[in-house]
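Participant: Any chance you can model this:
(2 chains)
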Number of protein chains: 2
Amino acid sequence: MDFKSDLRERKKIVDDAIEELFKDKKGLQRIVVESMEYSMKAGGKRLRPVLLLEACKMVGGNIKDAMPFALGMEMIHTYSLIHDDLPAMDNDDYRRGKPTNHKIYGDGIAILAGDGLLNLAFETMLEKVNSNPNFFDRGIRAMHLISKASGINGMIGGQVVDLESEGKEIDIDTLDFIHNHKTSALIEASINAGAVIGGANEREYENLKTYGRSIGVAFQIVDDILDIVGDEKKLGKRIGSDEYNKKSTYPSIYGIDKSKQIASKLIEDAIESLEIFDEKAEFLRSLAKYLEVREY
Amino acid sequence: MDFKSDLRERKKIVDDAIEELFKDKKGLQRIVVESMEYSMKAGGKRLRPVLLLEACKMVGGNIKDAMPFALGMEMIHTYSLIHDDLPAMDNDDYRRGKPTNHKIYGDGIAILAGDGLLNLAFETMLEKVNSNPNFFDRGIRAMHLISKASGINGMIGGQVVDLESEGKEIDIDTLDFIHNHKTSALIEASINAGAVIGGANEREYENLKTYGRSIGVAFQIVDDILDIVGDEKKLGKRIGSDEYNKKSTYPSIYGIDKSKQIASKLIEDAIESLEIFDEKAEFLRSLAKYLEVREY
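Facilitator: Residues are numbered from 1 along each chain as shown, chains lettered A, B, ... in the order given. This next block holds a predicted model:
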């Protein structure tokens, strides 16, 4: 099979598990569960859960064991998008071509839907661990590293600095902080948690960790480039215009070509770190290449 | 010692642990940690952590083991208040006589501070469990029941129905749903988690559970009565006026006297369930009585 069908197949496994998760909606509080479900099904790429399941499988683990954690990562990612889109934050009306959560359900329910997803992420993981005593050790390690990656020293930290930088020119250290925390932290944690759940040895874990860090940062740089290329196509804006200087990005600091070079180098590092896995790493290798060339 | 000094002493142990938790604030994201600290130190009664530590101690446990969970409960309670006070929810400018979080830090940071506290609750509990393998079993059970109590089938569920009921007359089933979920769920979970961490046997656990449920509901009824008595003192409003019919409460449905009777019966049940603990339950007995007569 080619990479695209491999990716579709893996994404479908996650989509099916999400379908299952929201199968029974009942109780007086049903509206918030519908709101959570709306955003969970609003066209996500499922990158984080796919990475988690793949890392688990590669080191000999069972993806059934890993699914509650994969769902947890996707719920944490999704809650952060719901809160990010609120009028008090980025104030976005659309995401992936669909109305944002608060445009449909109102700001109050959107806040609670975000809270509900963050909470349900831990509830879902704990449900799995609580019912499997011989899974305690791996489960706790995985939850612990996920909680650190999603908190104030991880994703939330990045969101805070991003929010505070709105409309300002920032230096490269601040930009790196935002990238490393807001986006990379969860991508890295997905790979790391998958490795832990699958029972990786230290060498496997360290190599997968390097892979996760490299694609995490590359992913964000490529996103920044795509934003500009996309905007240029749509609106005829040019880099260097005031519009782009409002908030610094890799391309606005380094230019597009240098940014592409940095991303390429990271993807190279990522692929190199997979060497010890031989053909078992085929999917992650292709995924790294795919992230680099996505659309530009 | 009398009950009031016992309570003060226990509250101080929690306050000191909170002080310690926010001792080192660093990094570019410092503002959100300051915002979290502001609300965590804005005059809470520490009811939930005090209950958790006491339940643990009563069944022979060590309160040092229980502290990360006690802090977790207080963080979850505090985050729910920060989000509840936002303009998109209750739109409150003051809480406990101090400006609400978003009035000081802005809506965006207040949303992230709430997210940060919910996440840090799990991070703090997982940190403890992850570093103590012989504590896995109790730690996971406690976190699992806390996560259920704070989620869409617990506290968040109650907040949703409360938000949806704003400005409407609601029936007693809806009101009970809000009480049981929005407030009682966390109070019950505090007692239950403390019992689990302390190593309660089944009989101890069930009795403490009854205690938690009874005072949880009583607490909310008393709160509703105090709201009215307080408002009457301040504004000369009367029950039965349009102001009170906007949103139903125990007193608006049953009247103040009947509501007091219901609360008294619940407190009686709570105290009865402590019988097996003899003199070890002195503090929880006094606390139940104290909750009933707080101020009216």
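
Participant: And the residue of the stretch 151-296 of chain A closest to chain B?
Facilitator: A:G157 (3.8 Å; C-beta to the nearest C-beta). C-betas here are computed from N, CA, C, even on glycine.

Participant: And the strands in the stretch 1-150 of chain A?
Facilitator: Taking DSSP state E, counting those that start in this stretch, the strands of the stretch 1-150 of chain A run over residues A:94-95, A:98-99.

Participant: Surely A:P68 and A:F122 touch.
Facilitator: No - with contact defined as C-beta atoms under 8 Å, A:P68 does not reach A:F122; the gap is 10.3 Å.

Participant: between these two, who's got more neighbours?
Facilitator: Neighbour comparison, A:P68 and A:F122: the larger count goes to A:F122, with 29 against 22 (by other C-beta atoms under 10 Å in any protein chain shown).

Participant: correct me, but that one touches A:A142?
Facilitator: No - counting by C-beta under 8 Å, A:F122 stays clear of A:A142, with 11.6 Å between them.

Participant: re earlier: quick one: which of the strands of the stretch 1-150 of chain A is nearest B:L53?
Facilitator: Proximity to B:L53 (C-beta to C-beta) singles out strand A:94-95 among those, at 43.1 Å.

Participant: pLDDT weak spots in the stretch 101-250 of chain A?
Facilitator: When residues are selected by pLDDT under 70, those of the stretch 101-250 of chain A lie in A:230-246.

Participant: can you do 80?
Facilitator: Scanning the stretch 101-250 of chain A for pLDDT under 80 picks out A:229-248.

Participant: Sketch out the helices for it, chain order is fine.
Facilitator: Listed in chain order, the helices of the stretch 101-250 of chain A (DSSP state H, counting those that start in this stretch) span A:101-105, A:107-130, A:136-150, A:155-165, A:172-178, A:185-198, A:202-235, A:242-245, A:250-254.

Participant: Let's have those in a markdown table, adding distance to B:K45.
Facilitator: A markdown table is the format used below for the helices of the stretch 101-250 of chain A (distance: least, C-beta to C-beta, whole Å):
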| stretch | distance to B:K45 |
| --- | --- |
| helix A:101-105 | 33 |
| helix A:107-130 | 22 |
| helix A:136-150 | 27 |
| helix A:155-165 | 27 |
| helix A:172-178 | 37 |
| helix A:185-198 | 35 |
| helix A:202-235 | 42 |
| helix A:242-245 | 49 |
| helix A:250-254 | 48 |
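
Participant: from those helices, which stretch is densest packed?
Facilitator: Most buried of these, by mean neighbour count (mean count of other C-beta atoms under 10 Å in any protein chain shown): helix A:185-198, with a mean of 28.

Participant: In contact with A:D269, which residues are there?
Facilitator: A:210, A:214 (C-beta atoms under 8 Å, 6 or more residues apart in numbering or on different chains).

Participant: and with 10 Å instead?
Facilitator: A:210-211, A:213-215, A:217-218, A:288 (C-beta atoms under 10 Å, 6 or more residues apart in numbering or on different chains).

Participant: again with A:N119
Facilitator: A:N119 touches A:75, A:79, B:76, B:118-119, B:121-122, B:146-156, counting by C-beta under 10 Å, 6+ apart.

Participant: Pick out whichever of the contacts of A:D269 sits closest to A:N132.
Facilitator: Among those, and counting by C-beta to C-beta, the member closest to A:N132 is A:Y211, at 27.4 Å.

Participant: Relative to A:E34, how far out is A:K26?
Facilitator: 11 Å (C-beta to C-beta, to the nearest Å).

Participant: neighbour-wise, which of those two wins?
Facilitator: A:E34 (15 against 8).

Participant: if you skip the residues just before and after it, what's nearest to the more buried one?
Facilitator: A:K25 (6.3 Å; C-beta to C-beta, 6 or more residues apart in numbering or on different chains).

Participant: Same question for A:I191.
Facilitator: Closest residue to A:I191 apart from its sequence neighbours, by C-beta to C-beta, 6+ apart: A:G212 at 3.4 Å.

Participant: Alright, I will stop here.
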